[in-house]
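J.: Output the structure for:
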Amino acid sequence: MKRSSSHKATDCQLQLSAALQMIAMLEQSVMSLQQANQNLVESHIQKDIIITDRDQTITTLLTKQKLDAQTIVSLEEKNQQHILLIGKLNNVVSEQLNRLQKNKGDLFDYKMLRYQWMQLRKMIYGRRSEKRFITAADAENKDSVQGWLFDLPADHEGSVQLKDAKKIKERMVVVAKNADPLPHPGRHALPDHLMRCVIRVDQDVPAGAVKVGTERTERLAVQMMKLYVNVEERDIYIIKADERGKYKQLIAPPASHPIPKCKADITLLVMLLIEKFIYHMPLYRIQQRFKQYSIDLKYNTLSNWINATIDVLRPLWELLWEDLMKSRYVHMDETRFRVLDTTRAKGKGSHNGYLWVGGNPVLKIVCFTYKKGRGKGEIKDILSGFTGYLHTDAYSGYDEYGKQPGVIHLHCLDHSRRYFVESLNNDEQRSNYALDHFYAPLYQIERECKEQELSYDEITEARQQRAVPILNALREWITTEINEVIEGTPIYTAMAYTLKRMKQLMEYCNDGMLSISNMFVEQSIRPTKIGLKNYLFAGSHEHGERAAIIYSLIQTCKLQGIDPDAYLHDVLLRINDHKQNKLWELLPQNWKPQTRNNYAKTQSA
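T.: Got it, this is the predicted structure:
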């Protein structure tokens, strides 16, 4: 069916309306595109501007970079020149530092040599005592004190000022001198026990003179060595022994003598020991003295007599050493003792052996022993089985044994103090401070305890209350000051020595029986050193052992207040007949003298 015309008109209108809408939309799209195109053009323009600015900036940066590169090249050239110059300067500085270090070392060596030279001068010309006391008169006139002759100022490089100058104060200990000395007592009277030989002086007396008295003038006289021969006479008897006509001879046994078939009397044997080991006479000089009296005794004969006599005394030495090891308190020290050794190469016939000495100040005994060396092996052998207090110097050989179970190791405060005395010429300020503020009070405490005759418990209490705080203060002072002194100087050595051994140095405070120092045995060593200066060496290692035996008995006699001459006479007379299980009765600390027999009486006559 065909549509109507009205309907066709409507469709055309609708299509026209849609076309118009489409056109409107197209116009809007065209306008949008135009706007976008315009915006795009503007954006391109802006980008072109930015690109232009960026190109200008890049051009500027490139120009600047080129200038910087030129500057860097110039600076590098200057830097190379500076490096060369610095290298040359470093070489100069290094050379100067080496010279400075060498000069510093040379200067330090010079200061140490100067210090050692001053110490040697003091040893030769100065006083050896370490006492720090002077009289009031000496204090007024310092120039008159010879002991101050070598009190020179400290070296500049070897001393450092203390941080707290107020901490150290100079202190002078002045001993007051009696203003009214006692009158001179006159000449001492000669001993009454000496024999008097009266010499009468005759004179011409006129007639009528009356005797009213006698003037006596006494002078001590002497006869040189008087030698004589003891003749021992023993009567021989014959008695009938039985009815068959046999007879028996009767004769008294010979007097006891320690050495069979020896032609020397005990008096002569003792004289040889006394001359050699107390008065330090070499055997050659003793031989010459005999020749002076027309007695020609061979050197070997005298040597054999001495050796045989000491061998007789060896059992007593063994008992003495046993008593020392059982005492639980031993002072130990050692000293060089040169001996001849035929086993060594030609031209090296001597050997440096060692005399080791142990002592107990409570029992007042000392005992020597000889060893070829001075190592830990010798110490272990000497002290084998010992437990108790071991008092020594700081020789490292004792340290290992001092760590043994049951052993309490002590060190000597005198050795510590001596280091500060020796450093007076290096750092007088610190040395004086240590000696006056620490060591002097410690030794004053010991003097007061001795003067007051305090018991061991009272001494322990006094040390704990007074000495321990001083020692603690000494440790604190050294800990602070040791960082301010130059390492290697004498004052540094003194501080380091004391600080390292403070525990062992303080051990004596725990028991009043213990000594503050090891001087007890060192004083017993002195006679051996005097002897070596005279006879220079012992003949062999066996002679070194014999020297240890006789020195042990003689020095113990001195400590016990016994005359060694009387002791040796009595012991040599009795030792052969004495019971072996009671030989301990003949030790010096147990010895009770008996009446001398005819030999002693003959000598006294």
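
J.: now the residue nearest to Phe386 when sequence neighbours are not counted: how far from Leu319?
T.: Distance criterion C-beta to C-beta, 6 or more residues apart in numbering; nearest residue to Phe386, sequence neighbours excluded, is Met325 at 5.2 Å. All C-beta atoms are positioned from the backbone trio N, CA, C, and that covers glycine. Between Met325 and Leu319 the computed distance is 11 Å (C-beta to C-beta, to the nearest Å).

J.: ok, which stretches of the stretch 101-250 of the chain are strands?
T.: Assigned by DSSP state E, counting those that start in this stretch, the stretch 101-250 of the chain shows strands spanning 134-135, 174-175, 236-240, 247-251.

J.: Looking at these, which is nearest to Pro260?
T.: Across these, the minimum distance to Pro260, taken as C-beta to C-beta, is reached by strand 247-251, at 17.1 Å.

J.: Now the following helix or strand past that closest one: average pLDDT?
T.: On the C-terminal side of strand 247-251, the closest following helix or strand by DSSP states H and E is helix 266-277. When pLDDT is averaged along helix 266-277, the result is 94.

J.: Mind exporting the C-alpha coordinates of helix 266-277 to CSV?
T.: Coordinates of the C-alpha atoms in helix 266-277 are reproduced here as CSV (Å, rounded to 0.1, in the frame of the first residue of the first chain):
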residue,chain,number,x,y,z
ILE,A,266,143.2,-29.6,115.5
THR,A,267,144.5,-26.2,116.6
LEU,A,268,146.4,-25.8,113.3
LEU,A,269,143.4,-27.1,111.3
VAL,A,270,141.1,-24.6,112.9
MET,A,271,143.6,-21.8,112.3
LEU,A,272,143.8,-22.6,108.6
LEU,A,273,140.0,-22.5,108.3
ILE,A,274,139.8,-19.2,110.3
GLU,A,275,142.6,-17.6,108.2
LYS,A,276,141.1,-18.6,104.9
PHE,A,277,137.4,-18.3,105.4
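
J.: Run the angle between whichever strand or helix holds the residue nearest to Phe386 and helix 266-277 for me.
T.: The secondary structure element spanning Met325 is helix 299-326 (assigned by DSSP H and E). Relative orientation of helix 299-326 with respect to helix 266-277: 80 degrees, computed using axes from the mean of the first three to the mean of the last three C-alpha atoms, to 10 degrees.

J.: can you pull the buried residues of helix 299-326?
T.: Taking 16 or more other C-beta atoms under 10 Å as the neighbour-count basis, helix 299-326 is seen to contain the buried residues 302-303, 305-306, 308-310, 312-313, 315-317, 319-321, 323-325.

J.: and the residue nearest to Phe386, what does it touch?
T.: With contact set as C-beta atoms under 8 Å, 6 or more residues apart in numbering, Met325 has these partners: Gly358, Leu383, Gly385, Phe386.

J.: And it, how far from Asp393?
T.: When C-beta to C-beta is applied, the distance between Met325 and Asp393 equals 20 Å.

J.: Check Asp55 too.
T.: Counting by C-beta to C-beta, the gap between Asp55 and Asp393 amounts to 94 Å.

J.: What of Val357?
T.: 12 Å.

J.: Equivalent analysis for Arg466, please.
T.: Applying C-beta to C-beta, the value for Arg466 to Asp393 is 25 Å.

J.: Return, as residue ranges, the portions of the stretch 451-600 of the chain with sub-threshold pLDDT.
T.: In the predicted model, the stretch 451-600 of the chain carries pLDDT under 70 at residues 595-600.

J.: Which stretches in it count as helices?
T.: Assigned by DSSP state H, counting those that start in this stretch, the helices in the stretch 451-600 of the chain fall at 456-462, 468-481, 490-500, 502-506, 519-535, 541-559, 564-574, 598-604.

J.: which one of these lies closest to Tyr439?
T.: Proximity of the helices of the stretch 451-600 of the chain to Tyr439 was assessed by C-beta to C-beta; the nearest stretch is helix 468-481, lying at 8.2 Å.

J.: tell me the angle the biggest helix by length in the chain makes with helix 490-500.
T.: If each helix of the chain is counted by residues according to DSSP state H, the longest one is helix 5-125. With the same axes, to 10 degrees as the basis, helix 5-125 and helix 490-500 are set at 110 degrees to each other.
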